[in-house]
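1. Next comes the sequence, and after it the predicted model I'd like to discuss.
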Amino acid sequence: MNRSIERHRNILDFALSSLLRRKGKNVSLWVMYTLVVFLIAAIVFYTHALKREAALILQGAPDIVVQKMVAGRHDLVPVGYVEKIAAIRGVTAVRPRLWGYYYDAVTGANFTLMASDDLPPGTADIGNGIARTMRIAEGDFIPIRAVPGATTLFQVRKVLPYASELASSDLILLSEGDLRALFDFPRGFATDLALTVGNPAERATIAAKIAAQFPDSRPILNSEILRTYDSIFDWRGGMMVVMLGVAVFSFVIFAWDKATGLSAEERKEIGILKSVGWETGDVLLLKFWEGAVVSLAAFLCGVILAYVQVFFFSASLFEPALKGWAVLYPRFKLVPDVDPYLLAVLFFLTVVPYTVATIIPSWRAATVDPDAAMRS
Amino acid sequence: MREASRLMVQQLQLTDLCLFTEARYTRHPSMADLHSAFQDHPLALEHFPSGSLATPPRFRRERP
Amino acid sequence: MIALHDVTKSFNIGKPNPFTAVRSVGLTIAAARLTVLKGPSGSGKTTLLTLIGCMARPTSGRIVLSGDGIAGFPGGEEMRELDITSLPERFLAGIRRATFGFIFQHFNLVRGITVLENVMLPAYPTGERHGEVRKRAVELLSLFNVERHAHSRVDLLSGGETQRVAIARALINRPSVIVADEPTAHLDTDLSREFMEIVGSFKREGKTVLIASHDPLVCESSRVDTVVEMRDGRILRSGSAP
């Protein structure tokens, strides 16, 4: 047993010295490899952590949201529905929600306006993102251009806390009266209805009843709301496919380059090793260690760098891609969360192929007869 | 951070995270349906980068 | 002692250009003696060396090792006689590593690594402790007066120094048989004489030495015990040195 360990150690020692001998080539390989792992790991960490945040934060979302559809488009829901829906067994509360979007021409940003019960008329609570974009603070006035044409000023009562940016960054909360006046919102209508259901297991049946009773309605379950966020950054779509595809493709090219051959110098060295008593197995072990050392070092570095980038620097490198054309983007720090399964998959998809790619070209050279060195 | 957001969601009965503020269906993906992106006009191909990140969830796409 | 019985080695059998390097050779290499294989190039000396040194297997015939020096074979310490003709590759390699030390015509040192590492290389796969191998390597280097070059790269050494490093490497696994192929081919007279002195010291330690050479300085040296003349893969004559 001891001899076996010593043998590995000795060969590993020689593998390290071999790598250092060809420092330039191996360092550039390692850097490239690290970059690829970094890109993939950063994407994996970011999307996984964000999805987890969504799942936890949105637990408090309404049990069922009822929308009204007209000709397939989202329309306002009559407040008269409230009583009838409240009468359905299992529904404990129905709350009409009043909300909409507002485009601020000055900054080019989109805001979400929402009616809130506890605001005095003429005042507004604004999200931290809005305070940042428009550079206003508590006590300042925020101008909102109402439908009739004149701009109304609302005094900012409170800026919503930074800690809640993920949910409230672009919110402007107004009193119901102000909101209706601003948008000439027809009386007797609301944007949609938020239902509270006593027993979570009954949500689906209640939704079915609502859909049956009101054929023009569209009930959305809490579970569907949560599942929406399971599929953001779905690797099967759009930008994600491109990014991951590029990373995988570049890795394949680079492992291929490795796999297509040994230099003459390396071949000669293997011949010498065979002639001084190294067996084929010893030579292959050497090559394995050469590949494994670079692989493992690159994997560790890439993953650590990705972790730091995503969780300490809030994925600042990705921001341009994620922000897209939006003017307002929330600032938030993700809670570090790593899925070991995903890491293991990444490990097997990078370290294993690369190590194999290092051993394969050596196979031929390693099986050369020991007496070949005598003849050269 | 998470607690504050969770509280806000509960108080105001919010349904979405404020991530992509470019369009209605990227700001509130859970309220949107498959056709939301086409609400503007029938040939409205997806032109927001975030539209490809916040795709409609699979269960909506697979509905018969 | 190494005994060869009717050994033949052919190459490229079944291919367009087959040839037989060694034909029906019967030979005994005495232990603790210096045997020289003499003959022109193409006479099969090198092939015979590879067969004796467990680097290749004969096409037909038997090779038997006997005596105290058999090492590297599990249970070999108790064996008085071992027929290596049909041993599996793994065992053959083990015996080769522990019993034989090779000095090649072109030295075959690995460029780019230090002298010390070159000398330690053959011992790496044996699983011996790194520290002990290193100690032995340093001792060997000082034995041949090249210790001061231990951490230099091999490319920077002179011809004579390189050869001494090659000899040190051949000794690292404490072999009982030394095999040298044309060792004086790249050396001047003084260095060749030095080499023969080193060979003399091997004999004194009880090692068996086998040299293939057509250099008169080697073949006609007083230290030689047996000369085997070869031509076209056959032994012409073998006998004690004159």
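-> Okay, I see it. Numbers count the residues shown, from 1 in each chain, chains lettered A, B, ... in the order given.
2. Below-threshold pLDDT in the chain: ranges please.
-> Defaulting to chain A. Within chain A, the ranges that satisfy pLDDT under 70 run A:148, A:236-238, A:259-260, A:372-376.
3. ah, I was thinking of chain B
-> Across chain B, the ranges flagged by pLDDT under 70 are B:34-42, B:44, B:56, B:58-64.
4. In it, which residue sits closest to chain A?
-> When scored by CB to the nearest CB, chain B has B:Ser52 as its residue closest to chain A, at 2.4 Å. Quick note: C-beta positions are derived from backbone N, CA and C, even for glycine.
5. which secondary structure element contains that residue?
-> helix B:49-53 (DSSP states H and E).
6. neighbouring contacts of that helix?
-> Contacts to helix B:49-53, defined as CB atoms under 8 Å, 6 or more residues apart in numbering or on different chains, come from residues A:232-233, A:237-240, A:321-326, B:19-20, B:22-23, B:25-26, B:37, B:46.
7. hmm, which of those are the buried ones?
-> The neighbour count (16 or more other CB atoms under 10 Å in any protein chain shown) marks A:232-233, A:237-240, A:322-324, A:326, B:19-20, B:22-23, B:25-26, B:37 as buried among the contacts of helix B:49-53.
8. C:Glu182: neighbour count?
-> Neighbourhood size, C:Glu182 [other CB atoms under 10 Å in any protein chain shown]: 19.
9. Tell me the spacing between it and C:Arg223.
-> Applying CB to CB, to the nearest Å, the value for C:Glu182 to C:Arg223 is 17 Å.
10. Next: A:Gly108.
-> A:Gly108 is 97 Å from C:Arg223, by CB to CB.
11. Ok, C:Thr59 next?
-> Applying CB to CB to C:Thr59 and C:Arg223 gives a distance of 33 Å.
12. cool, A:Ser263 as well?
-> 42 Å.
13. more crowded one of the two?
-> C:Arg223 (16 against 10).
14. Report the secondary structure state of that one.
-> Using DSSP: H, G, I helix; E, B strand; the rest coil, the structure places C:Arg223 in coil.
15. what about it, distance to chain B?
-> In this view, C:Arg223 and chain B are 83 Å apart by CB to the nearest CB, to the nearest Å.
16. Tell me which residue in the stretch 51-200 of chain A sits closest to chain C.
-> For the stretch 51-200 of chain A, the nearest residue to chain C under the criterion CB to the nearest CB is A:Arg52, separated by 47.3 Å.
17. Likewise for the stretch 101-250 of chain A?
-> Per CB to the nearest CB, the residue of the stretch 101-250 of chain A with the smallest distance to chain C is A:Ser250, at 30.2 Å.
18. that older thread, which non-adjacent residue is nearest the residue of the stretch 51-200 of chain A closest to chain C?
-> Leaving aside its sequence neighbours, A:Arg52 sits nearest to A:Asp337 (CB to CB, 6 or more residues apart in numbering or on different chains; 5.4 Å).
19. which ones are touching the one you found?
-> Counting by CB under 8 Å, 6+ apart, A:Asp337 touches A:48-49, A:52.
20. and the residue in chain C that chain B sits nearest to, which of the three is it?
-> Residue of chain C nearest chain B, by CB to the nearest CB: C:Gly112 (49.8 Å). What three-state DSSP gives for C:Gly112 is coil.
21. Report the secondary structure element holding the residue nearest the centre of chain C.
-> Centroid-nearest residue in chain C, with CA atoms, centre = their mean: C:Val179, separated by 1.6 Å. Using DSSP H and E, C:Val179 sits in strand C:177-181.
22. what sits against the residue nearest to the centre of chain C?
-> Going by CB under 8 Å, 6+ apart, C:Val179 touches C:49, C:52-53, C:100-103, C:210-211.
23. of all of chain B, which residue lies closest to chain C?
-> At 49.8 Å from chain C, B:Leu53 is the closest residue in chain B, using CB to the nearest CB.
24. What count of nearby residues applies to that residue?
-> The local packing of B:Leu53 (other CB under 10 Å) involves 22 other residues.
25. swap in A:Ser275?
-> Residues near A:Ser275, counting by other CB under 10 Å, number 23.
26. Also C:Phe19?
-> Residues within reach of C:Phe19, counting by other CB under 10 Å, total 10.
27. what about the closest residue to it other than its chain neighbours, distance to A:Thr280?
-> Leaving aside its chain neighbours, C:Phe19 sits nearest to C:Phe11 (5.9 Å; criterion: CB to CB, 6+ apart). For C:Phe11, the distance to A:Thr280 (CB to CB) stands at 20 Å.
28. got it, and A:Val70?
-> 76 Å.
29. more neighbours, those two?
-> More crowded of A:Val70 and A:Thr280, by other CB under 10 Å: A:Thr280, with 19 against 9.
30. Please list all residues in contact with that one.
-> A:274, A:366-367.
31. from the residues you listed, which is closest to C:Arg237?
-> A:Lys274 (34.1 Å; CB to CB).
32. ok, longest helix in chain C?
-> Assignment by DSSP state H gives helix C:189-204 as the longest helix of chain C.
33. pLDDT (mean, whole number) over that one?
-> Mean per-residue pLDDT for helix C:189-204: 88.
34. any idea which element the residue nearest to the spatial centre of chain B lies in?
-> Central residue of chain B (CA atoms, centre = their mean): B:Pro29, 1.4 Å from the mean position. For B:Pro29, there is no host helix or strand (DSSP H and E).
35. surely it meets A:Thr228?
-> Yes - assessed by CB atoms under 8 Å, B:Pro29 is found in contact with A:Thr228 at 5.2 Å.
36. Show me whatever sits in contact with both of the two.
-> Residues touching both B:Pro29 and A:Thr228 by CB under 8 Å, 6+ apart: B:16, B:57.
37. so where do the helices sit in chain B?
-> B:2-12, B:24-27, B:49-53, B:58-61.
38. what does chain C give?
-> Using DSSP H, the helices found in chain C span residues C:45-52, C:89-99, C:115-120, C:130-143, C:159-171, C:189-204, C:216-219.
39. which of those helices has the lowest average pLDDT?
-> Taking the mean pLDDT of those, helix C:89-99 comes last: a mean of 82.
40. which strand of chain A spans the most residues?
-> When chain A is parsed with DSSP state E, its longest strand is strand A:151-159.
41. In that strand, which residues are buried?
-> By 16+ other CB under 10 Å, the buried positions in strand A:151-159 come out as A:152, A:154, A:156-157, A:159.
42. Quick one: those as a markdown table, columns for distance to A:Leu346 too.
-> Formatted as a markdown table, the buried residues of strand A:151-159 follow (distance: CB to CB, whole Å):
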| residue | distance to A:Leu346 |
| --- | --- |
| A:Thr152 | 53 |
| A:Phe154 | 49 |
| A:Val156 | 46 |
| A:Arg157 | 48 |
| A:Val159 | 40 |
